[in-house]
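Undergrad: Need a 3D model of the following:
(chains A, B, C and D)
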Number of protein chains: 2
Amino acid sequence: MSKPSALASTPAVEDQAPCCPPLAQQRIDAGTAVNLSAAFKALGDPVRLQLMSMIASAPDGEVCVCDLTPAFEVSSSTISHHLKTLREAGLVDAERRASWVYYRPRPALMRQLATLLTPND
Amino acid sequence: MSKPSALASTPAVEDQAPCCPPLAQQRIDAGTAVNLSAAFKALGDPVRLQLMSMIASAPDGEVCVCDLTPAFEVSSSTISHHLKTLREAGLVDAERRASWVYYRPRPALMRQLATLLTPND
DNA sequence: AGTCGAGTTTGACAACTATCGAAGCGGCGT
DNA sequence: ACGCCGCTTCGATAGTTGTCAAACTCGACT
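TA: Numbers count the residues shown, from 1 in each chain, chains lettered A, B, ... in the order given. Take a look at the predicted model:
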């Protein structure tokens, strides 16, 4: 780990479990609830949800922060803070190339959340 | 509307739009983000996520609050408050029968969220 | 009518969060 | 080497949230 590098995603939820059948099929335990609710919380802000959507739908599979920031009314430091939250939740990944930082989605966790919410009828 | 009745679910997101293709397919607009992030926020607490899971996986399609409350370490007023949050998010529905109140899932919104999170690879 | 039990609402408070501006850092280009 | 640009981090602040105990409501059963 030569470089902590500020952009590392904390290896959240998706690494540690084969986790989880749909909510509607099986009650989840407290520990799992803590892990997964953190991801939902990260999506529980309008700005972050839009950021997530812009990142996940990027044609090239990644987006430059310089393209994200001007899409919102808030300051660039606020955007950076929201991106950090998404990173720490394990929903996105970041990489610096030259002067720019690019974000890309981490589909594993998204898929996990999607499965969790799938009704079983 | 003879009785506002405290248990009414505020008719949230799921009523107002045919909404939404997966995040990964199409960027969502600000208004939609506000609506849907409210639902994610409601799931963004460990207690509420467990409550949601217990309600969604109930064998009879519904659960008595009297069965929910003892499953947690927090006070019954706190559980009630969390249930209200889930109701207001449009994720669950409540009905009083005799002395007891029963909660049931509202799959429409859950399905919407699940679709939204489905990666398109 | 009176009481009890199940849930909800209210009020209060500590803890957390979204936001900003300012300061910091890492790379480029001159 | 120097200054600029893109982005992140820091420090401060107003607003929101999770929690509890206490007060209240609704229905059931004497």
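
Undergrad: Now do the spatially most central residue of chain A against A:L49, distance only.
TA: Centroid-nearest residue in chain A: A:L91, 1.9 Å away (criterion: CA atoms, centre = their mean). From A:L91 across to A:L49, the span is 10 Å (CB to CB, to the nearest Å). Quick note: C-beta positions are derived from backbone N, CA and C, even for glycine.

Undergrad: likewise A:N35?
TA: Distance, A:N35 to A:L49, by CB to CB: 20 Å.

Undergrad: any idea whether A:Y102 is helix, strand or coil?
TA: Three-state assignment for A:Y102 (DSSP: H, G, I helix; E, B strand; the rest coil): strand.

Undergrad: show me the contacts for it.
TA: The contact partners of A:Y102, taken as CB atoms under 8 Å, 6 or more residues apart in numbering or on different chains, are A:E62, A:V63, A:C64, A:V65, A:A94, A:E95, A:R96.

Undergrad: Kindly supply the PyMOL command isolating those of those that are buried.
TA: Restricted to buried positions by 16 or more other CB atoms under 10 Å in any protein chain shown, the PyMOL selection for the contacts of A:Y102 reads:
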select buried, chain A and resi 62+63+65+94
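
Undergrad: got JSON lines for the contacts of A:Y102, with secondary structure too?
TA: Formatted as JSON lines, the contacts of A:Y102 follow (three-state DSSP):
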{"residue": "A:E62", "secondary structure": "coil"}
{"residue": "A:V63", "secondary structure": "strand"}
{"residue": "A:C64", "secondary structure": "strand"}
{"residue": "A:V65", "secondary structure": "helix"}
{"residue": "A:A94", "secondary structure": "strand"}
{"residue": "A:E95", "secondary structure": "strand"}
{"residue": "A:R96", "secondary structure": "strand"}
